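Visitor: Here you go, sequence then predicted model.
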Amino acid sequence: MAERAISRTALAFDFGTRRVGVAVGTEMLGTASPLVPLHVRDGIPDWNVVTRLIEEWQPDLFVVGLPLELDGSETLMCSRARKFGKRLYGRYGKPLEMWDERGSTKAAKSLARERGHRGNYRDDGVDGLAAQVILESWFANQRGEGDLVGY
């Protein structure tokens with residue numbers, strides 16, 4: 001059996017209808033860094049900007065947050081996030097992982113407050129931090145460490 005590659009680079013996305021948070025990370029380190037969010041119009045990004053991100057970071061896969069309800073049921077935003085993920089896959093042909101993002105925004109806001117954020121999330125969002133939390137949670141799960149969302 002082939003050994004699983006652990007040095008993959010991933011781009012993670014926290015889907016939203018106004019902004020999409022983006023983070024990049026490597027599976028070997030299990031850490032991610034937030035990037036500048038994508039400004040979107042009704043959930044549709046400027047695909048030229050996405051292409052530049054992919055050319056810059058050369059990801060091996062995409063991880064897209066799936067905004068499930070607390071009870072695990074799907075929301076309307078889940079179908080929109082899935083559609084976004086399918087478009088990523090269709091355009092760039094990279095493997096796609098949809099990942100439960102419950103708690104990621106709360107965790108991102110907590111991290112932002114620790115870093116001095118004043119709480120105006122509409123104008124100064126935490127989208128990139130939420131994508132970072134999603135990706136680091138996915139990495140932890142790949143290592144068998146469970147889910148870190150909400151840490």
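Guide: Yes, it's here. This structure is a prediction, so every number in the text was calculated from the model and none was measured.
Visitor: what's the spacing between the nearest residue to residue 42 once chain neighbours are set aside and residue 92?
Guide: Using C-beta to C-beta, 6 or more residues apart in numbering and skipping the chain neighbours, the partner closest in space to residue 42 is residue 17 (5.8 Å). In this view, the C-beta of every residue, glycine as well, is placed from N, C-alpha and C. The spacing between residue 17 and residue 92, counted by C-beta to C-beta, to the nearest Å, is 22 Å.
Visitor: which of these two has more neighbours?
Guide: Neighbours per residue, other C-beta atoms under 10 Å: of residue 17 and residue 92, the larger number sits with residue 92, 15 against 12.
Visitor: what about the nearest residue to residue 132 once chain neighbours are set aside, neighbour count?
Guide: Once flanking residues are discounted, residue 132 sits nearest to residue 23: 4.1 Å by C-beta to C-beta, 6+ apart. Residue 23 has 26 neighbours, counted by other C-beta under 10 Å.
Visitor: Secondary structure element holding residue 23?
Guide: For residue 23, the enclosing helix or strand under DSSP states H and E is strand 19-26.
Visitor: Could you pull up the mean pLDDT of the helix or strand following that strand?
Guide: Sequence-wise, the next helix or strand downstream of strand 19-26 (DSSP H and E) is strand 31-41. For strand 31-41, the mean per-residue pLDDT is 91.
Visitor: Pairing partners for strand 31-41, with directions?
Guide: Sheet pairing of strand 31-41 (DSSP bridges) gives strand 19-26 (antiparallel), strand 44-45 (antiparallel).
Visitor: Show me the shaky parts of the chain.
Guide: Low-confidence segments of the chain (pLDDT under 70): 1-6, 104-113, 115-125, 146-151.
Visitor: If anything else comes up later, I'll come back, but that's it for now.
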